[in-house]
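**Student:** Here is the input, now give the coordinates:
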Amino acid sequence: QSDLGSFLLVIIIVLTGFGIAFMLAFGHDEEGYSTLRMSFLALFEGMLGNLDTSVLHSPSFLGPLLFMAYVVVMIFVVLSMFLSIVDNAYSIVQEEMAEKSQELDPLSRDVLWCLGAPERLFS
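**Tutor:** Residues are numbered from 1 along each chain as shown. Predicted coordinates for the structure are as follows:
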């Protein structure tokens, strides 16, 4: 649980930082970035794949630079963090399953007991 909490904290920090940057850079030209809330929501939608690419057509180099930095940080860094958390959880569950594989689960134990019933009756 602490891994997911720290992951959410990193996402909130990164989204807030890029939200402020996009608001300061494009808030006066683009309505989607005019307030911090609108900028935050636009970037969150961008993280889900619906990014407004109108900022890429701005006359300055700042639009493509911020856009590429956002994509690199969110896709590569944050996604790799999430995948490492999932991989860690998978390895923990796999170790627990390996420890429990020595003992039978209750259903298998009951089925084997029932299948062994004729032997017990005649011996």
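
**Student:** Return the residues in contact with L36.
**Tutor:** By Cβ atoms under 8 Å, 6 or more residues apart in numbering, L36 lies in contact with 19-20, 23. (Each C-beta comes from the backbone N, C-alpha and C, glycine too.)

**Student:** okay if I get those residues as TSV plus distance to I85?
**Tutor:** Below are those laid out as TSV (distance: Cβ to Cβ, whole Å):
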residue	distance to I85
G19	24
I20	26
M23	30
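
**Student:** out of the residues you listed, which are buried?
**Tutor:** 19, 23 (16 or more other Cβ atoms under 10 Å).

**Student:** Measure how buried G49 is and give me the count.
**Tutor:** The tally of other residues near G49 (other Cβ atoms under 10 Å) stands at 6.

**Student:** Report the separation between it and S84.
**Tutor:** 22 Å (Cβ to Cβ, to the nearest Å).

**Student:** what's the answer for L107, then?
**Tutor:** For L107, the distance to S84 - Cβ to Cβ - is 34 Å.

**Student:** Tell me which of those two has more neighbours.
**Tutor:** S84 (12 against 8).

**Student:** Could I get the phi/psi values of the more buried one?
**Tutor:** For S84, the backbone dihedrals (degrees, to the nearest 10) come out as phi -70, psi -30.

**Student:** Grab the longest helix from this protein for me.
**Tutor:** Longest helix in the chain, counting residues (DSSP state H): helix 2-26.

**Student:** Which neighbouring elements make contact with that one?
**Tutor:** Contacts defined by 3 or more Cβ pairs under 8 Å, 6 or more residues apart in numbering; DSSP states H and E place helix 2-26 against helix 36-47, helix 62-71, helix 79-100.

**Student:** tell me the angle the first one makes with helix 79-100.
**Tutor:** Using axes from the mean of the first three to the mean of the last three Cα atoms, to 10 degrees, the direction of helix 36-47 lies 60 degrees away from that of helix 79-100.
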